[in-house]
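S.K.: only the shape, not the letters, is given here:
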């Protein structure tokens, strides 16, 4: 049995959703009188929980209003993305390699559970993940390491025996802060921007099981 585990972020890692999240967020924000630049989206929205970015945008919100805004934006996203959803290139074959090598796998995402269920149902990837943590299971969103600390605990591995796969800068920071190694994937940021990652890939065709063991030895 391997002595390490792999933790996947979802958006930008399992599925390349960011272009659709961007349009959904921009439409939602315009409805309420906000215009967010690409730089603002990348710095303040991507990789963060709805609670974090919505309160940054609107200020203090009641729990009821926060939930309503979040559900409105996510429903818009799911409707847009449903006809286009597919796993990131090479992911299914990579997951099969992990299964064959008996390497435990988890999802740790800032997304709400409704989005997780939507993605796993549409891609039929649910069978690959026994451990899933979503935004409802943490108090502090990324770049705080809480979600990766809790996911490692749920997997039964110390964080220094977990490898996190992330697309966002806030997620990569969270992974490193948790004590894990991070693999960056260039769906959201460039190779040059993902400075906290041990290695950076464009897709899962570029990643092997031997790469994982090499990363842990660094």
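M.R.: Here it is on my side, so go on. A quick note: this is a predicted structure, and the numbers were derived from the prediction, not measured.
S.K.: strands of the protein, start to end?
M.R.: Remark: strands assigned in the chain by DSSP state E are 5-8, 105-108, 131-133, 162-166, 181-185, 199-201.
S.K.: okay, those strands in TSV with distance to residue 14 and mean pLDDT next?
M.R.: Just so you know, the C-beta spots here come from the backbone N, C-alpha and C atoms, and that holds for glycine as well. Formatted as TSV, the strands of the chain follow (distance: least, CB to CB, whole Å; pLDDT from 0 to 100):
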stretch	distance to residue 14	mean pLDDT
strand 5-8	6	98
strand 105-108	7	98
strand 131-133	11	97
strand 162-166	9	98
strand 181-185	10	98
strand 199-201	14	98
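S.K.: which of the ones you listed sits closest to residue 143?
M.R.: strand 162-166 (10.5 Å; CB to CB).
S.K.: buried set for the least confident helix or strand in the chain by mean pLDDT?
M.R.: Each helix and strand of the chain was given a mean pLDDT (mean pLDDT, DSSP states H and E); the minimum falls on helix 38-44 at a mean of 81. Residues 41, 42 are the ones in helix 38-44 that count as buried (16 or more other CB atoms under 10 Å).
S.K.: help me confirm that residue 140 comes into contact with residue 149.
M.R.: No: if you go by CB atoms under 8 Å, residue 140 and residue 149 don't touch, sitting 10.2 Å apart.
S.K.: out of those two, which sits in the busier spot?
M.R.: residue 149 (19 against 13; other CB atoms under 10 Å).
S.K.: residues in contact with the more buried one?
M.R.: 159, 178 (CB atoms under 8 Å, 6 or more residues apart in numbering).
S.K.: what's the spacing between it and residue 35?
M.R.: In this view, residue 149 and residue 35 are 36 Å apart by CB to CB, to the nearest Å.
S.K.: repeat for residue 99
M.R.: For residue 99 relative to residue 35 (CB to CB), the value is 45 Å.
S.K.: between the two, who's got more neighbours?
M.R.: Set residue 99 next to residue 35 and count neighbours by other CB under 10 Å: residue 99 wins out with 12 against 8.
S.K.: can you give the domain ranges for the protein?
M.R.: By the assignment in automatic domain parsing, the chain contains the domains 5-16+85-217, 18-83.
S.K.: which of those is buried the deepest?
M.R.: domain 5-16+85-217 (a mean of 19; mean count of other CB atoms under 10 Å).
S.K.: in this structure, where is pLDDT below threshold?
M.R.: 1, 47 (pLDDT under 70).
S.K.: which parts of it are helices?
M.R.: 18-31, 38-44, 50-58, 63-81, 91-100, 113-123, 146-155, 169-178, 209-217 (DSSP state H).
S.K.: dump those to JSON lines, plus distance to residue 203.
M.R.: Listed next are the helices of the chain as JSON lines, based on distance: least, CB to CB, whole Å:
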{"stretch": "helix 18-31", "distance to residue 203": "14"}
{"stretch": "helix 38-44", "distance to residue 203": "20"}
{"stretch": "helix 50-58", "distance to residue 203": "27"}
{"stretch": "helix 63-81", "distance to residue 203": "19"}
{"stretch": "helix 91-100", "distance to residue 203": "8"}
{"stretch": "helix 113-123", "distance to residue 203": "15"}
{"stretch": "helix 146-155", "distance to residue 203": "22"}
{"stretch": "helix 169-178", "distance to residue 203": "17"}
{"stretch": "helix 209-217", "distance to residue 203": "13"}
